[in-house]
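>>> Quick one, fold the following:
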Amino acid sequence: MGTGPVRTTLMSVVVAVSLSGLLFGFDTAVISGVTDALRLHYDLSAAALGITVSSALVGTMLGAATAGILGDRRGARSGLRWAAALYLISGLGCALAWGWFSLLAFRIMAGIAIGVSSVLAPIYLAEIAPAARRGAIVGGFQVSIVIGILLAYVCNAAVDALISNPTIAWRWKLGCTALPAAIFQFLMVRVPDSPRWLTMRGRTDEATAASLSLYGHAPIQEEIVSAVSHGTVSLASLWTEARRPMILAIVIGALNQLTGINAILYYLNDIFAAAGFAQVSANLQAIAVGVANLIFTIVGMTLIDRVGRRPLLLVGGAAMAVLLTVATAIMLGMLPKFLMVGVLVCFIAAFATSQGAVIWVYMSEIFPARFRAAGQALGAGTVWLFDALVSAVFPVAAAMSPAIPFAFFAVCMVVQCILVFRLFPETKEASLEEIERRMLGARQGPAQ
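Predicted coordinates:
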């Protein structure tokens, strides 16, 4: 990689693409500040509220399912520019929604953009990143997600402080996403296509030009070219030729949501209300959780290329299992409710340094070049499928007993530790081509 301006060019592209993560996080978490207002405004039952919150997740599954095809045919850059337009339209649409069904439609549109971002941004970042820095660079996408989550909490608190009418306030909260969407669209104009993707398409001159722009030289090495194979990618061929990474992507995608992270973030204000906090206090506690999320995501980014992916998943999973068990005890009245803030902050810290730091990095690097977009789509689709299921069921289960969801998530984290120990190999400091050789040549079984 070059020095000076060239390195600055690469990092400016990383920042621009990672901004899709900020919109991902903002659109995901902003709903936590409007659940009560939407419940009252549309007279929603617990089940209808679950549908409202999970409506965006229907879109994420659609976006993730189509992003692989879009990324293969048009490239990640083009797909992310389409996502930017959808973020902008959905933000304005939610602010101007004329009924519950129109709100659901625009939230689904936001979800499609999130789904596309979750597939194509990590792929693009993994393909342009040097091997030794891939964890940190792809992890920048996760940092951006967390900044977006924190921004959503700050926005919710600011709107509540400025606008006392809840009927108007929720529209402003959901509409605030339009501004960063417009900035993202503008920044993507100068982002080149991935040199690896261009090479796969046989567009070697354009690949060389993109490489010169990013690195100051043309790192289209012979091993990269030889790793490229053409042909139609189907689910059957993915299962036949890339079974091991396919299984790993599905497992880590499901476990990511079985931590309970997004359900907790979506219903954070409701959880604090159940623990006895007032609305203003709940907003401030949510910001505290968001700050902890950001700090420890950055910690995770500093560790991922040093410690590795697998140790972070093991230690983080064990810590989350303990903390979720404590949260269960709090909700059962066995421990004081004021402890909930500290427990959730510690839980967020454990998640951010483990699953939060690892998932998008890991899924972007374990698939062979030919299957990378399709494999990332499968992994991201698994994330959003389980996100939708968990988020839709959470309010119903919590209405039965606030302790039930936390107990379930605690058990899932014990399962995560077992599966990671048995199945997951380490990928730090290896090139994408080296990982491909390992994945396709290694036998199934315990990680070495």
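>>> any idea how far residue 13 is from residue 50?
Residue 13 sits 39 Å away from residue 50, going by CB to CB, to the nearest Å. Yep, even glycine has a C-beta here, placed from its N, CA and C like the rest.
>>> What of residue 359?
Residue 359 is 24 Å from residue 50, by CB to CB.
>>> residue ranges with poor pLDDT in the stretch 1-150 of the chain?
1-8 (pLDDT under 70).
>>> Let's see that with 50 instead.
1-6 (pLDDT under 50).
>>> Now do whichever strand or helix holds residue 120: distance to the chain's middle.
Following DSSP states H and E, one finds residue 120 within helix 100-128. Computed by CA atoms, centre = their mean, to the nearest Å, the separation of helix 100-128 from the middle of its chain amounts to 10 Å.
>>> Buried residues of it, list them for me.
For helix 100-128, a neighbour-count test (16 or more other CB atoms under 10 Å) marks 100, 103-128 as buried.
>>> That one - contacts with which helices or strands?
helix 5-29, helix 46-74, helix 76-95, helix 134-162, helix 195-200, helix 355-365, helix 372-400 (3 or more CB pairs under 8 Å, 6 or more residues apart in numbering; DSSP states H and E).
>>> how far away is the most centrally placed residue in the chain from residue 419?
In the chain, the residue lying closest to the centroid (CA atoms, centre = their mean) is residue 118, at 5.8 Å. Residue 118 sits at a distance of 22 Å from residue 419 (criterion: CB to CB).
>>> between the strand or helix carrying residue 321 and helix 355-365, how big is the angle?
Assigned by DSSP H and E, residue 321 belongs to helix 309-331. On the basis of axes from the mean of the first three to the mean of the last three CA atoms, to 10 degrees, helix 309-331 is oriented at 140 degrees to helix 355-365.
>>> when you give positions from now on, start the count at 502
Got it, first residue is 502 now, which makes that one helix 810-832.
>>> May I have the next helix or strand after helix 810-832 exported as PDB, CA atoms only?
Reading on from helix 810-832 to the C-terminus, the next helix or strand found by DSSP H and E is helix 840-854. Extracted in PDB, the C-alpha atoms of helix 840-854 (Å, rounded to 0.1, in the frame of the first residue of the first chain):
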ATOM      1  CA  LEU A 840     -28.700  -3.000  38.900                       C
ATOM      2  CA  MET A 841     -30.300  -3.400  35.500                       C
ATOM      3  CA  VAL A 842     -28.400  -0.400  34.000                       C
ATOM      4  CA  GLY A 843     -25.000  -1.700  35.000                       C
ATOM      5  CA  VAL A 844     -25.900  -5.300  33.900                       C
ATOM      6  CA  LEU A 845     -27.000  -4.100  30.400                       C
ATOM      7  CA  VAL A 846     -24.000  -1.800  30.000                       C
ATOM      8  CA  CYS A 847     -21.700  -4.800  30.800                       C
ATOM      9  CA  PHE A 848     -23.700  -7.000  28.500                       C
ATOM     10  CA  ILE A 849     -23.300  -4.500  25.700                       C
ATOM     11  CA  ALA A 850     -19.600  -4.300  26.400                       C
ATOM     12  CA  ALA A 851     -19.300  -8.100  26.200                       C
ATOM     13  CA  PHE A 852     -21.300  -8.200  23.000                       C
ATOM     14  CA  ALA A 853     -19.400  -5.300  21.400                       C
ATOM     15  CA  THR A 854     -16.000  -6.900  21.900                       C
END
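>>> sec struct for residue 544, please.
Following DSSP: H, G, I helix; E, B strand; the rest coil, we place residue 544 in the coil state.
>>> Pull the number of nearby residues for it.
9 (other CB atoms under 10 Å).
>>> thinking again about what came up before, and the closest residue to the residue nearest to the centre of the chain other than its chain neighbours, how many neighbours?
Spatially, and ignoring its direct neighbours in sequence, residue 619 is nearest to residue 881 (4.3 Å; CB to CB, 6 or more residues apart in numbering). Neighbourhood size, residue 881 [other CB under 10 Å]: 33.
>>> Let me see the contact set for residue 881.
561, 565, 568, 616, 619, 620, 754, 864 (CB atoms under 8 Å, 6 or more residues apart in numbering).
>>> ok, now with 7 Å
Residue 881 makes contacts with 565, 616, 619, 620, 754, as judged by CB atoms under 7 Å, 6 or more residues apart in numbering.
>>> Check the gap between the residue lying closest to residue 851 once chain neighbours are set aside and residue 917 for me.
Leaving aside its sequence neighbours, residue 851 sits nearest to residue 820 (CB to CB, 6+ apart; 3.9 Å). According to CB to CB, residue 820 stands 11 Å off from residue 917.
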